[in-house]
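Novice: Sequence and predicted structure, then a few things I'm wondering about:
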Amino acid sequence: MSTAEKLHVLFASSEAEPLAKVGGLGDVAGALPAEINRIAEDHVDIRLIIPFHAVIKEKNPPVGLIGSFPIKTKTGQSICDLYVTDLDGVITYLLDSDGINHNSPIYYGDATLDGRKYAHFSLALLEAMRFIDWPIDVLHANDWHTALAVYALKDLYKNDPFFSQTKTILTIHNLPYNGYGADAAMTDLGFSPCSDPDLPDWARLTPLPVGLATADRIIAVSPGYAEEILTPDYGCGLDGYLRLHLDKLSGIVNGIDLEKWNPETDVYIGHPYSIDRLHNKQLNKLDFQREIGLEMNPEIPMLTVVSRLDFQKGLGLIFDALPDLADQAWQLVILGTGAKELEQRAQEFAAAFPDKVVSILKYDNALSHKLYASGDIFLMPSLYEPCGLSQMIAMRYGNIPVARATGGLKNTIIDFHASPERATGFLFEEKTTEGLKTTLEMALNVFKNKQIWYRLQRNAMSMDFSWKQSALQYLQIYQELSQI
Ligand code: ADP
Ligand code: GLC
């Protein structure tokens, strides 16, 4: 089949591993298009586009400049530079301009600055495809950062023949982050407020809701989250809109990259291991205990956290629950960075329990591999969790999750309470310290029973978290959309 006959899919994201990653969205954009490319190369031409962030420039990947083109603003125009590189076999465009802001961080953490950066990126990515004359059949946008590209097709470009055939998918990775604060940038770029009567008024110049209102399909990153966001507790003011548009909403659970996350071949750990060589996992734990100055003892369960330090992750439950279990044997290692007050709490917690707790406040990929490999129990008491990749990675390393029964955690962890024989972890329902404490206590008890613990590890390590199933589901949607 010739290139001309292939379906053109543009996957737009704010981050993509290994070029730029802050959290799970980076993992997804770094892996999903590549998997789709592998399984459907003969009929789908999927390409990725992300901003040319400063952090990418520092890595100095091999890139080629394609050329420059303008986008119009109310006050003049902004010149965009389009580069191309390769990401695991996927043609990957890197976009830069004054509006995207040349040397900016991936996220400023400031609503106005991020609003401006991503409003510009969203428009520029569409113009980039016009510039290279690559008509888009399916635009696959992700989260609020690229939601305005979806909206632009129904607002600014509604009569533009170049985009007349373009269908859209918007994947929700994190609903509370909706881009509120981008209204000034949107107005400057000529967007009009979304007039959909089903949207609440605050949402009319807010990127994620206007994208949801105009996308052909909405995908949440797990079936569990797709259900939860229909409720006022998780719907962030958009549950009403979503309940009215159930026909275009569904959930597809993420996968993980099984090559990057493989305890048998992991270059970041001293003692590779598998289900049949779990004694090597203990050697990793002993090395790591020595490295971070904790007592070297395989019998002490090591609790681990690898996480953005964000309200979402329920870390307060850990800081509140663990002191009540202080008389039991455990060690806790936290690897994370994020909100200042949570970083401070993590530091104070380590200072209060110097023999038990180590907090490492940074983003460190190599170290994260060591934590997954050395840990016995992976704590993830998230208040909400659209999908979660960390628990899947942890299970692949035989590091058993203790997690809240929410979103994707419910879809990926088989709970010990419900099914002890098949279990891969422990789930608790309540958003309370007591909920975590009771379930963690249970896990600590089960840990003492080597046979049952081994069964949990074997079950967890045998789970299939590959990207294949998700990729096939997205492919089916691309194909359905292209036939409308
Ligand atoms: P989220 O996207 O909400 O941050 P996920 O569980 O989907 O949560 O993905 C988190 C990803 O980021 C995982 O790959 C995890 O290993 C990685 N990660 C989080 N914090 C750190 C850190 N401090 N250092 C290294 N990797 C991290
Ligand atoms: C988000 C969510 C996380 C999800 C990730 C990738 O950041 O918080 O649950 O796994 O996106 O979809």
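Specialist: Sure thing, it's come through. Ligands and ions are numbered 1, 2, ... in the order given.
Novice: Please compute how far the helix or strand harbouring Tyr474 lies from its chain's middle.
Specialist: In this assignment (DSSP states H and E), Tyr474 forms part of helix 468-482. When C-alpha coordinates are averaged (CA atoms, centre = their mean, to the nearest Å), helix 468-482 and its chain have centres 19 Å apart.
Novice: So which elements touch it?
Specialist: With contacts taken as 3 or more CB pairs under 8 Å, 6 or more residues apart in numbering; DSSP states H and E, helix 468-482 sits against strand 7-12, helix 24-40, strand 138-142, strand 167-172, strand 217-220. (Glycine included, C-beta is placed from N, CA and C.)
Novice: For the ones you listed, give me JSON lines that also has mean pLDDT and distance to ligand 1.
Specialist: Listed next are the helices and strands packed on helix 468-482 as JSON lines, based on pLDDT from 0 to 100; distance: least, CB to the nearest ligand atom, whole Å:
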{"stretch": "strand 7-12", "mean pLDDT": "98", "distance to ligand 1": "17"}
{"stretch": "helix 24-40", "mean pLDDT": "97", "distance to ligand 1": "2"}
{"stretch": "strand 138-142", "mean pLDDT": "98", "distance to ligand 1": "12"}
{"stretch": "strand 167-172", "mean pLDDT": "98", "distance to ligand 1": "12"}
{"stretch": "strand 217-220", "mean pLDDT": "98", "distance to ligand 1": "13"}
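Novice: which of the ones you listed sits most buried?
Specialist: Comparing those by mean neighbour count (mean count of other CB atoms under 10 Å), strand 138-142 comes out on top with a mean of 27.
Novice: Nearest to ligand 2: which residue in the stretch 51-200 of the chain?
Specialist: Per CB to the nearest ligand atom, His173 is where the stretch 51-200 of the chain lies closest to ligand 2, at 3.3 Å.
Novice: Contact residues of the stretch 351-484 of the chain facing ligand 2?
Specialist: Residues of the stretch 351-484 of the chain lying close to ligand 2 by CB under 6 Å from any ligand atom are Glu385, Pro386, Cys387, Gly388, Leu389, Gly408.
Novice: buried subset of those?
Specialist: The neighbour count (16 or more other CB atoms under 10 Å) marks Glu385, Pro386, Cys387, Gly388, Leu389, Gly408 as buried among those.
Novice: element containing the last one, please.
Specialist: Right, the one you point to is Gly408. Using DSSP H and E, Gly408 maps to helix 407-412.
Novice: Quick one: mean pLDDT over that helix.
Specialist: In this model, helix 407-412 has a mean pLDDT of 98.
Novice: following it, which helix or strand shows up next?
Specialist: Once the chain leaves helix 407-412, the next helix or strand it forms, by DSSP H and E, is strand 426-428.
Novice: For that following strand, which helices and strands make contact with it?
Specialist: Using 3+ CB pairs under 8 Å, 6+ apart, the elements in contact with strand 426-428 are strand 400-404, helix 433-448.
Novice: nearest to Phe52, of the ones you listed?
Specialist: Proximity to Phe52 (CB to CB) singles out strand 400-404 among the helices and strands packed on strand 426-428, at 36.0 Å.
Novice: can you list the helices and strands packed on strand 426-428 in CSV and add mean neighbour count and mean pLDDT?
Specialist: Formatted as CSV, these follow (neighbours: other CB atoms under 10 Å; pLDDT from 0 to 100):
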stretch, mean neighbour count, mean pLDDT
strand 400-404, 27, 98
helix 433-448, 18, 98
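Novice: will you turn the ones you listed into JSON lines that also has distance to Leu481?
Specialist: Output for the helices and strands packed on strand 426-428, formatted as JSON lines (distance: least, CB to CB, whole Å):
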{"stretch": "strand 400-404", "distance to Leu481": "34"}
{"stretch": "helix 433-448", "distance to Leu481": "41"}
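Novice: Relative to ligand 1, which of the ones you listed is closest?
Specialist: In terms of CB to the nearest ligand atom, the element of these nearest to ligand 1 is strand 400-404, at 10.6 Å.
Novice: what's the distance between the top strand by length along the chain and the middle of its chain?
Specialist: Longest strand in the chain by number of residues (criterion: DSSP state E): strand 76-87. Taking CA atoms, centre = their mean, one finds strand 76-87 lying 25 Å from the centre of the chain it belongs to.
Novice: neighbouring strands for it, and are they parallel or not?
Specialist: Counting by DSSP bridges, the strands paired with strand 76-87 are strand 64-73 (antiparallel), strand 90-97 (antiparallel).
Novice: Identify the residues contacting the last one?
Specialist: The contact list for strand 90-97, computed with CB atoms under 8 Å, 6 or more residues apart in numbering, reads 16, 19, 33-34, 37, 46-52, 56, 63, 66, 71, 78-86, 102, 120-121, 124-125, 128.
Novice: If we use 7 Å, what do you get?
Specialist: Contact with strand 90-97 is made by 33-34, 37, 46-52, 56, 63, 78-86, 102, 120-121, 124-125, 128, as judged by CB atoms under 7 Å, 6 or more residues apart in numbering.
Novice: cool, stretch 54-70 as well?
Specialist: Here stretch 54-70 makes contact (CB under 7 Å, 6+ apart) with 19-20, 77-85, 94, 103-106, 127, 131-132.
Novice: ok, now stretch 44-52?
Specialist: By CB under 7 Å, 6+ apart, the residues outside stretch 44-52 that reach it are 3, 6-16, 19-20, 29, 33, 36-37, 83, 87, 90-96, 100, 121, 125, 128, 475, 478.
Novice: now swap in stretch 461-472 and tell me
Specialist: Outside stretch 461-472, the residues touching it (CB under 7 Å, 6+ apart) are 31-32, 35-36, 39, 252-256, 258, 275, 392, 395-396, 398, 424.
Novice: What residues of that stretch count as buried?
Specialist: Within stretch 461-472, the residues that qualify as buried are Met461, Phe465, Trp467, Ser470, Ala471, counting by 16+ other CB under 10 Å.
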